[in-house]
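>>> Build me a model:
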Amino acid sequence: MSGKKSYLLDMKNYLKDIFFAGLNSVKPHMLIRNKIKVSENTLFVEGKSYALGNRVYLIGFGKAVLGMAMEMEKLLGKRLTKGIVSVPRGSINEQLKSGSSALLSMPCPPITLKEKNEFWKKLQNCGADIKEVNIVRQKLSMVKGGKFIELAHPATVISLILSDIIGDPVDLIGGGPTCYANRDPCEVFKILDKYNIKNIDNTMKQLLNTNEIRDRNHFTNVNNHIIGNNSCAINAARDEALKNGLNVIVLFNDIQGLVKNVSKMYVMLAKLFCGILNNSITKEEFTSYVKNCEDLKRLEGRIENIFSHLKIHNDKGLLLIGAGEPSVVVTGTGKGGRNQELALQFSLDWAQEIEKTSKMKEFDVLLLSAGTDGQDGPTDADGAFGYADISKNEKSKDYLANNDAYHFYSDFEGGENLLKTGLSGTNVMDLHLIYIKKK
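Below you'll find the predicted structure:
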């Protein structure tokens with residue numbers, strides 16, 4: 001193995017270890033053990049206490065619920081009256097297939113499950129983010145948008161939630177089954193218009209146009225707790241990187257927008273940090289870039305802190321951490337997911353930046369973009385690595401244009417740039433790790 005290839009492998013292993021530290025911190029059984037306690041007939045959730053009555057029922061749905069349910073069963077013991085969980089088929093031994101929204105599904109009649117799924121997937125493929133998709137889904141469901149609680153009333157409900165949506169909006173996570181929601185039809189049709197979704201079936205249009213009247217009194221005994229989110233994963237990834245001697249800068253935990261735009265932002269950040277590290281960009285110049293770039297303005301109040309980090313001499317390199325959930329407009333016929341597409345797009349964009357700015361050749365820059373749920377789109381990969389040399393493959397642009405990042409990475413260097421963790425049993429969106437080191 002050549003020295004360059006060996007060094008690249010070392011960098012990849014660095015990022016894998018950091019990613020796994022973040023992933024392991026949000027495994028459901030660990031979150032339950034760390035945040036939920038039961039003492040005699042009292043349940044404690046992050047400092048709040050609930051008296052356990054004579055009848056305790058456990059209901060769950062989603063990728064992470066199997067691990068959560070098993071730990072809760074241990075904690076509740078004989079206090080547990082009965083329970084039911086909805087998990088992806090083959091959850092224990094096979095790749096997970098669905099999120100919580102898809103596993104708690106009861107379409108409003110007369111539409112069928114197939115019709116409902118085809119509708120929201122069409123919206124998703126147009127580039128809609130998960131918030132927008134779930135707002136529309138709520139109108140078509142008999143359990144989402146707090147309707148599940150109306151079925152449970154007057155029972156006391158304690159909801160333990162893993163957030164897979166930017167900003168942790170309880171009314172949208174998993175479709176918001178335990179949170180009051182009364183969506184104005186205008187909000188729904190504004191989303192559909194944004195993505196040019198036309199020719200809607202009259203029956204579905206009538207459901208989307210329904211103005212529901214909800215009774216807030218049904219929600220007085222509902223207690224929603226977010227016990228895990230991407231901030232937990234970011235903090236664990238940061239701690240692992242620091243433990244290994246890297247300088248670490250946490251960027252944002254709410255990355256969204258189209259993958260091609262997210263890639264451009266990361267390329268700009270990599271270029272700026274490389275410039276700072278080789279003293280070709282001053283603090284004043286960096287400040288000017290930040291102020292004048294809409295995507296970077298949020299860093300304005302952190303410039304002093306960033307520069308103080310970078311002044312620390314470190315020969316192990318710099319790690320930038322981002323997280324969130326970008327979206328992809330699907331126009332091709334290929335196979336892939338947003339993380340693999342981001343990695344491939346970044347590879348091409350960074351190679352182009354090196355051609356324009358020769359000083360960038362002084363640095364090794366490597367991106368790992370991966371989903372914490374163990375799958376990226378309809379594939380068995382979490383995500384992929386991105387770096388300039390990948391762009392040397394003549395077909396890389398064609399694969400990207402066809403939304404076929406998975407087959408590109410599978411064919412390129414024997415698939416060694418794909419990350420495949422197998423079953424993860426959790427989901428707190430995606431982690432983006434960018435490693436920068438002067439050669």
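
>>> hey, let's count contacts and neighbours off CA atoms from now on
Fine.

>>> By mean pLDDT, which helix or strand of this protein comes out lowest?
Ranked by mean pLDDT, DSSP states H and E, the weakest helix or strand in the chain is helix 100-103, scoring a mean of 65.

>>> Put the alpha carbons of the helix or strand just after that one into PDB.
Next in sequence after helix 100-103, counting helices and strands by DSSP states H and E, comes helix 113-125. C-alpha atoms of helix 113-125 as PDB (Å, rounded to 0.1, in the frame of the first residue of the first chain):
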ATOM      1  CA  LEU A 113     -51.900   3.500   2.500                       C
ATOM      2  CA  LYS A 114     -50.400   3.100  -0.900                       C
ATOM      3  CA  GLU A 115     -52.000   6.300  -2.200                       C
ATOM      4  CA  LYS A 116     -50.900   8.200   0.900                       C
ATOM      5  CA  ASN A 117     -47.300   6.900   0.700                       C
ATOM      6  CA  GLU A 118     -47.000   7.700  -3.000                       C
ATOM      7  CA  PHE A 119     -48.200  11.200  -2.400                       C
ATOM      8  CA  TRP A 120     -45.700  12.100   0.300                       C
ATOM      9  CA  LYS A 121     -42.800  10.400  -1.400                       C
ATOM     10  CA  LYS A 122     -43.500  12.500  -4.500                       C
ATOM     11  CA  LEU A 123     -43.400  15.600  -2.300                       C
ATOM     12  CA  GLN A 124     -40.100  14.400  -0.700                       C
ATOM     13  CA  ASN A 125     -38.500  13.700  -4.100                       C
END
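
>>> What residues sit buried inside helix 113-125?
113, 116, 119-120, 123-124 (16 or more other Cα atoms under 10 Å).

>>> One more: stretch 263-280?
Buried residues in stretch 263-280, counted by 16+ other Cα under 10 Å: 263-277.

>>> next one: stretch 42-51
For stretch 42-51, by 16+ other Cα under 10 Å, it's 43, 45.

>>> That stretch: end-to-end distance?
Terminal residues of stretch 42-51 lie 5 Å apart, using Cα to Cα, to the nearest Å.

>>> Likewise for stretch 51-70?
21 Å.

>>> Please apply the same query to stretch 140-155.
25 Å.

>>> Using PDB, write down the CA coordinates of stretch 182-189.
Taking Å, rounded to 0.1, in the frame of the first residue of the first chain, the C-alpha atoms of stretch 182-189 are listed here in PDB:
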ATOM      1  CA  ASN A 182     -54.400  22.300  14.100                       C
ATOM      2  CA  ARG A 183     -52.900  23.000  10.600                       C
ATOM      3  CA  ASP A 184     -54.500  25.600   8.500                       C
ATOM      4  CA  PRO A 185     -55.200  24.200   5.000                       C
ATOM      5  CA  CYS A 186     -53.500  27.300   3.600                       C
ATOM      6  CA  GLU A 187     -50.200  26.200   5.100                       C
ATOM      7  CA  VAL A 188     -50.500  22.800   3.500                       C
ATOM      8  CA  PHE A 189     -51.300  24.100   0.000                       C
END
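
>>> Give the buried residues for that stretch.
183, 185, 188-189.

>>> Now do that stretch, average pLDDT.
Mean pLDDT, stretch 182-189: 93.

>>> Contacts for that stretch, please.
135-136, 139, 145, 208-214 (Cα atoms under 8 Å, 6 or more residues apart in numbering).

>>> Quick one: buried ones out of these?
Buried among those (16+ other Cα under 10 Å): 135-136, 139, 145, 208-209.

>>> Could you list which of those residues belong to helices?
Counted as lying in helices by DSSP state H, out of those, are 135-136, 139, 208.

>>> Adding distance to Lys397 and pLDDT, write those out as CSV.
Formatted as CSV, those follow (distance: Cα to Cα, whole Å; pLDDT from 0 to 100):
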residue, distance to Lys397, pLDDT
Ile135, 34, 95
Val136, 34, 95
Lys139, 39, 94
Leu208, 39, 95
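
>>> Turn those residues into TSV, columns for distance to Asn230.
Shown next, in TSV, are those (distance: Cα to Cα, whole Å):
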residue	distance to Asn230
Ile135	21
Val136	24
Lys139	27
Leu208	31
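
>>> Which one of the buried ones among the contacts of stretch 182-189 is nearest to Leu58?
Taking Cα to Cα as the measure, Leu58 lies nearest Gly145 of these, at 19.8 Å.

>>> Could you double-check that that closest one lies in contact with Asp171?
Yes - Gly145 lies in contact with Asp171 (Cα atoms under 8 Å); the separation is 6.7 Å.

>>> where do the contact lists of the two overlap?
Contacts common to Gly145 and Asp171, judged by Cα under 8 Å, 6+ apart, are 177-181.

>>> Please give the element, helix or strand, for Leu368.
strand 363-371.

>>> On the pLDDT front, check the residue lying farthest from the centre of the chain for me.
Relative to the centre of the chain, the most outlying C-alpha is that of Asn54, 38.0 Å out, by Cα atoms, centre = their mean. Looking at Asn54, its pLDDT stands at 90.
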